[in-house]
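Asker: 3D model of this:
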Amino acid sequence: MVLLPHGDSADKVAEGLRCVSKSSRHIISAIADTEHRLYGVQFHDLTENGRKMLHNLLLNMCGLQGGFTLEKREQQCIDYIRRTVGREKIILLLISGEVDSTVCVALLHKALLQGDDSSRV
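Answerer: Predicted coordinates:
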């Protein structure tokens, strides 16, 4: 699934796929290979039914479950860090200050130092 920016469109589909929906301007908006359970949808989530379309695609067609939350994902990462690193190992982390390394530092802090003397950071 790809949310395309304004103005992008497809005018033909790859071999093995078929067009299953077109917009009012005759632009391909959905493709499928039902045999292999492959689906593609182009839409804007701010449209009247955008969120419903995304929900149907992910849960009904792709078979995903709707229990994902950022809090659950954060806890999964913290648990993984604790299992992998433990509390007694030394970690050397070089950071760029970009989002990915900043999130990494925050997760390491929560996993390894939360409740401890954070002067070791």
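
Asker: Run through the neighbouring helices and strands of the stretch of helix or strand R82 belongs to.
Answerer: Using DSSP states H and E, the element containing R82 is helix 70-85. Here helix 70-85 touches helix 99-108, going by 3 or more CB pairs under 8 Å, 6 or more residues apart in numbering; DSSP states H and E. Backbone N, C-alpha and C define where each C-beta goes, glycine included.

Asker: Show me the contact partners of the helix holding R82.
Answerer: For helix 70-85, contacts defined as CB atoms under 8 Å, 6 or more residues apart in numbering pick out I91, L107, L108, K110, A111, L112.

Asker: ok, now which ones touch the fourth one?
Answerer: The one in question is K110. Applying CB under 8 Å, 6+ apart, we find K110 in contact with E74, I78.

Asker: Would you mind measuring from T47 to Q65?
Answerer: 25 Å (CB to CB, to the nearest Å).

Asker: Report how many residues lie close to L112.
Answerer: 20 (other CB atoms under 10 Å).

Asker: Wait, G16 touches T34, no?
Answerer: No: in this structure, G16 is not within contact of T34 by CB atoms under 8 Å, at 10.8 Å.

Asker: any idea whether C19 is helix, strand or coil?
Answerer: With DSSP: H, G, I helix; E, B strand; the rest coil as the basis, C19 sits in strand.

Asker: any idea which helix or strand of this protein has the worst average confidence?
Answerer: Across the helices and strands of the chain, the lowest-confidence element by mean pLDDT, DSSP states H and E is helix 50-55, at a mean of 80.
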